[in-house]
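J.: Fold the following.
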Amino acid sequence: MSGQNPVTPSADGIAAAVRAAKGRGPAPVHLWNPDFCGDLDMRIARDGTWFYLGTPIGRFELVRLFSSILKLEDGKYFLVTPVEKVGITVDDAPFVAVDFEVTGTGPDQVLEFTTHVGDQVVAGPDHPMRIERDADTGEPSPYVMVRAGLEALIDRKSFYRLVDLGVHHDGWFGLWSSGAFFGVIPSAELESG
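T.: Numbers count the residues shown, from 1 in each chain. Below you'll find the predicted structure:
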């Protein structure tokens, strides 16, 4: 038979391919570079909810599986298997940091975040934190790097807890973690506000 009919990517097909290819631990998406197969009607909302065809994906294990094959390339998000690469939409960050543990104080302080899909990440030089402020409202949106350019938005309750740990250092109010200081707001702005 000459030629093949292109197969429309589906969430079930991608999940099956990942289960077949993936062993224990994170998927080696950095090693997978298949051809682009098109966009999938899948979206990650700002609150971390995954949608497929406009409907929330209710199975945590499926969301966790998809999150393990997420890749960021040139500012676009893809689900990648050894044989497929499909584009998806991400409203803000693909992950949400829903809690954290703190050990130590000052420069010896360590902040370990847990995402809504169970990833754990220690903020520091390899996993920096950053704060974006809305130009109109000034409202902060804090993030921590999870892996390979993929960030987690730190949820509001966790951010309030982080602010309680904040200190002034070199003209900034911010946080220490793993020997790195992450500025939240210039000290002068905080004192004048």
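J.: If Leu72 is in a bridge, with which residues?
T.: With DSSP bridges as the criterion, the beta-bridge partners of Leu72 are Tyr77.
J.: how many neighbours does Asp126 have?
T.: The local packing count at Asp126 equals 11, with neighbours defined by other CB atoms under 10 Å. Using the backbone N, CA and C atoms, a C-beta is placed for each residue, glycine as well.
J.: What distance do you get for it to Gly179?
T.: Computed with CB to CB, to the nearest Å, the distance linking Asp126 and Gly179 is 11 Å.
J.: which phi and psi does Arg156 have?
T.: phi -60, psi -50 (degrees, to the nearest 10).
J.: OK, contacts around it?
T.: Taking CB atoms under 8 Å, 6 or more residues apart in numbering as the contact definition, Arg156 lies against nothing.
J.: Following the chain past the lowest-mean-pLDDT helix or strand in the chain, name the next helix or strand.
T.: Taking mean pLDDT, DSSP states H and E as the measure, the helices and strands of the chain show their lowest mean at helix 11-21, namely a mean of 63. Along the chain past helix 11-21, the next helix or strand (assigned with DSSP states H and E) turns out to be strand 36-44.
J.: list the helices and strands the helix or strand just after that following strand packs on?
T.: Using DSSP H and E, the helix or strand that follows strand 36-44 in sequence is strand 50-52. Contact here means 3 or more CB pairs under 8 Å, 6 or more residues apart in numbering; DSSP states H and E; on that basis strand 50-52 packs against strand 36-44, helix 60-67.
J.: Pairing partners for the helix or strand just after strand 50-52, with directions?
T.: Secondary structure here is assigned by DSSP H and E; on that basis, the next helix or strand after strand 50-52 toward the C-terminus is strand 55-56. Here the strand partners of strand 55-56, with direction, are listed using DSSP bridges: strand 50-52 (antiparallel).
J.: What's the mean pLDDT across the partner strand?
T.: Confidence for strand 50-52, expressed as mean pLDDT, is 97.
J.: quick check, distance from it to the centre of its chain.
T.: Offset of strand 50-52 from its chain centre (CA atoms, centre = their mean, to the nearest Å): 16 Å.
J.: Contacts for it next, please.
T.: Outside strand 50-52, the residues that reach it (CB under 8 Å, 6+ apart) are Ala11, Leu40, Asp41, Met42, Arg43, Ile44, Ala45, Pro56, Ile57, Val63, Phe66, Ser67.
J.: buried sites along it?
T.: Of the residues in strand 50-52, Trp50, Phe51, Tyr52 count as buried by neighbour count, 16 or more other CB atoms under 10 Å.
J.: does the last one have beta-bridge partners, and which?
T.: Spelled out, it's Tyr52. Beta-bridge partners for Tyr52, by DSSP bridges, are Met42, Thr55.
J.: can you count the residues close to Phe95?
T.: By other CB under 10 Å, 27 other residues sit near Phe95.
J.: I meant to write Gly183 there.
T.: What Gly183 shows, counting by other CB under 10 Å, is a neighbour count of 17.
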